[in-house]
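K.L.:
okay, here's the prediction I keep looking at, along with the sequence it came from:
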Amino acid sequence: MQTENLFELTYILLDKKSVTAKEMAAHFGVSPRTIYRWVDALNLAGVPVYTSKGKGGGIFISEKYALDKTLFTDDEKQELLASIQAVSSLSDATTTQSAISKMHSLIGNIAPTKANDKSNWIQIDFEPWSSKGTEVQELFLKLKDAIFAEQQVSFDYYSMHGESEGRNVQPWKLIFKNQAWYLYGWCNKANEERFFKLNRMRNLTLLSKPVVKFCERQSQPVQAKQETQAFKLINVVLEADAQFLPTLLDEFKADSIEDSGNGKKRITLKMPDIPWIEHTLLGFADEITVLEPEALRNRLKTRISQMMQNYSD
C-alpha cells in the first residue's frame, strides 16, 4: 500500500508541480509527518522531490523529471494506444500518427500477439451509410478547432420545431449522445448553456471573438439535457411484423417485446407527447400499428386522412 501511495504522490506532483504537506495529508488520510517520510523515501529512490519552507513553500518535483516508461504494464500500454487509435478519425491523420509514434517512443513498443493485441478493439467511423456522416465530420473538425482556439462560432440551427435561427455560441465540448454528436456550450442568444445537434447545423463560421465564458464543469462528464425532458412522456403500445422489429429498435428503446401471434410482435415503450412522434410513426407506413393510447391513434388517423386528401385528384 505504501508503494502505491508513493506512486500516487509522484503522479500528483507531476500534475500539479507543487503541493503542501497538509493538502497531501488530507488527501491520503495520514499525518503531515508521514508525508515528509514519503518525500524522503522518494528521494532515496532517485525521484527529485524537494521541500521549501515559508510563504509559497511546499513539496516540489523537478520539472525535468519524467516517470520511467517501464512503469507502464503491457495492458496499460495497450489501453493508451487504443485510446489514441479509437479517435483517429476525429483528428487530423498526420497529427494522430505523430502522437502514436511519440507514444510508442514514450512507453516502448509492444510485440502484440493474437491473444494480447487489444489496441484495435474500438473504432469511431464517420463514414456514413449516407452522405450525412461526411458533413458531420467536417463540422466536428471545425468545432474542435474552435474549442482548442477558444473562439466563438456562429451557425444557422434548425430547432425541433423546424425553425431555422442564427446562433452565436461559445463552444465548450463535443459530446456523443444517443447516436448523435452534440456541441455543448454557452448560447449568447438564450444566455444559458445549451446542446446543439451537429446534424441540424448549417453555415458554421469561426468568429474572431474569443470565448469569455468557460464551462465550470470542464473536467467533469456532462449529462446532456434531452430536448424531450420539457414534455410529458406517454406509454405507447405498438404491433409490428417481426421482420421489421430490428428497424424499429434502431429508432426506439423498447420497455418490453412480446409475441402477439401471426408473426407479429407487441412492443411497449415511452415516447414524448409531441408532434414529432406522429411524423416518426407514420414513417413506418403500414409496417407498424399503434394500439395504445387511443388519443395517439386518433391523431394518426387525422394525419392519414390529411395525407389522403393531399394525393386525391
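P.N.:
Perfect, I can see it now.

K.L.:
low pLDDT regions in the stretch 201-313 of the chain?
P.N.:
Residues of the stretch 201-313 of the chain meeting the criterion pLDDT under 70: 216-231.

K.L.:
quick one: the helices in it?
P.N.:
Assigned helices in the stretch 201-313 of the chain, in chain order: 245-251, 275-282, 294-310 (criterion: DSSP state H, counting those that start in this stretch).

K.L.:
which of the residues in the longest one are buried?
P.N.:
Which is helix 294-310. Buried residues in helix 294-310, counting neighbours by 16 or more other Cβ atoms under 10 Å, are found at 296, 299, 300. (Glycine included, C-beta is placed from N, CA and C.)

K.L.:
can you list the residues you listed in TSV and add distance to residue 15?
P.N.:
Shown next, in TSV, are those (distance: Cβ to Cβ, whole Å):
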residue	distance to residue 15
296	54
299	56
300	57
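
K.L.:
quick one, what contacts residue 149?
P.N.:
residue 206 (Cβ atoms under 8 Å, 6 or more residues apart in numbering).

K.L.:
just checking, what's the longest strand in the protein?
P.N.:
In the chain, assigned by DSSP state E, the strand with the most residues is strand 164-177.

K.L.:
neighbouring strands for that one, and are they parallel or not?
P.N.:
Under the criterion DSSP bridges, strand 164-177 sits next to strand 151-158 (antiparallel), strand 180-187 (antiparallel) in its sheet.

K.L.:
buried sites along the last one?
P.N.:
I take that to be strand 180-187. Of all the residues in strand 180-187, those buried under the rule 16+ other Cβ under 10 Å are 181, 182, 183, 184, 185, 186, 187.

K.L.:
where in the stretch 1-150 of the chain is pLDDT low?
P.N.:
1-2, 66-75, 77-78, 80-133.

K.L.:
mind redoing it with 90?
P.N.:
Within the stretch 1-150 of the chain, the ranges that satisfy pLDDT under 90 run 1-18, 27-28, 37-58, 60-141, 144, 148.

K.L.:
how near is residue 76 to residue 285?
P.N.:
Residue 76 sits 52 Å away from residue 285 when distances are taken as Cβ to Cβ, to the nearest Å.

K.L.:
and residue 246, which of the strands paired with strand 164-177 is closest to it?
P.N.:
In terms of Cβ to Cβ, the element of those nearest to residue 246 is strand 180-187, at 19.4 Å.

K.L.:
show me where the stretch 1-150 of the chain has strands.
P.N.:
Here the stretch 1-150 of the chain has its strands, by DSSP state E, counting those that start in this stretch, at 18-19, 49-52, 58-61.

K.L.:
tally of neighbours for residue 235?
P.N.:
Neighbourhood size, residue 235 [other Cβ atoms under 10 Å]: 11.

K.L.:
that one pairs with what?
P.N.:
Going by DSSP bridges, residue 235 forms beta bridges with residue 270.

K.L.:
who are the contact partners of it?
P.N.:
Applying Cβ under 8 Å, 6+ apart, we find residue 235 in contact with 268, 269, 270, 292, 293.

K.L.:
make a PyMOL selection of the buried ones in those.
P.N.:
Filtering the contacts of residue 235 down to the buried ones (16+ other Cβ under 10 Å) takes a single PyMOL command:
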select buried, resi 269
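
K.L.:
and which of the contacts of residue 235 is nearest residue 54?
P.N.:
Once Cβ to Cβ is applied, the member of these that ends up nearest residue 54 is residue 270, at 62.3 Å.

K.L.:
thought residue 255 was touching the closest one, still the case?
P.N.:
Yes. Applying Cβ atoms under 8 Å as the test, residue 270 and residue 255 come out as touching, 6.6 Å apart.

K.L.:
related to what we said a few turns ago, just put the contacts of residue 235 in JSON lines and tack on distance to residue 15.
P.N.:
Supplementary listing: those in JSON lines, determined by distance: Cβ to Cβ, whole Å:
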{"residue": "268", "distance to residue 15": "49"}
{"residue": "269", "distance to residue 15": "45"}
{"residue": "270", "distance to residue 15": "43"}
{"residue": "292", "distance to residue 15": "55"}
{"residue": "293", "distance to residue 15": "55"}
